[in-house]
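> Predicted model and sequence below, questions to follow.
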Amino acid sequence: MTDEQTSTDEAYFHEDMATFGDRMAAARDSLGLEQNQLARRLGVKGSTIAGWEDDRAEPRANRLQMLAGVLGVSITWLLSGQGDGPTAVAEDDVSADTMALLAEMRRIRTEQARLTERLGIVEKRLRAALS
């Protein structure tokens, strides 16, 4: 991919024709994450991320929720392109305080996704204990 292609999402990503994998890759790229970095955050293999981005597979509901949280986008946007997608902010255009706030928001979203997964596990254990 050339520098010109990376400067604009339209070089490889267009909302009207984007697939789940296209939207996922665009959101990951907007955060500056490599596939393996995203995989580590989600607790999956790098090949799993590649499969999702290549539209060979899709994540289960719990991973989809985590993925949306880590990427800072809505689940609806990932699935359909409707709703809140990634917001690209050029670091040169914002203050250090703003960048720190954006980084804090990403950390909170990641933690929220982790806690959501943990809550699901506890709920399953509770259902099993009550049955």
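Done, it's in.

> Closest to the mean position in the protein, which residue would that be?
residue 71 (2.7 Å; Cα atoms, centre = their mean).

> my guess is that one contacts residue 77, does it?
No. Look at residue 71 against residue 77 with Cβ atoms under 8 Å: they stay out of range, at 9.3 Å. C-beta here means a position set from N, CA and C on the backbone, and glycine is covered the same way.

> Helix, strand, or coil at the nearest residue to residue 30 once chain neighbours are set aside?
Nearest residue to residue 30 in three dimensions, chain neighbours excluded: residue 86, at 3.9 Å (Cβ to Cβ, 6 or more residues apart in numbering). When classified by DSSP: H, G, I helix; E, B strand; the rest coil, residue 86 comes out as coil.

> Just the pLDDT for residue 86.
pLDDT recorded at residue 86 is 79.

> wait, it sits on residue 25?
No. Residue 86 lies out of contact with residue 25 (Cβ under 8 Å); the separation is 10.6 Å.

> Spell out the residue ranges of the helices in this protein.
In the chain, the helices defined using DSSP state H lie at 3-7, 20-30, 35-42, 46-53, 61-71, 75-80, 96-130.

> Low-confidence bits of this protein, can you list those?
Counting by pLDDT under 70, the chain has low-confidence residues at 1-16, 87-94.

> The same query, at a cut-off of 50, please.
1-12 (pLDDT under 50).

> Number of residues surrounding the residue nearest to residue 84 when sequence neighbours are not counted?
Leaving aside its sequence neighbours, residue 84 sits nearest to residue 74 (Cβ to Cβ, 6+ apart; 4.3 Å). Neighbours of residue 74 under the rule other Cβ atoms under 10 Å: 15.
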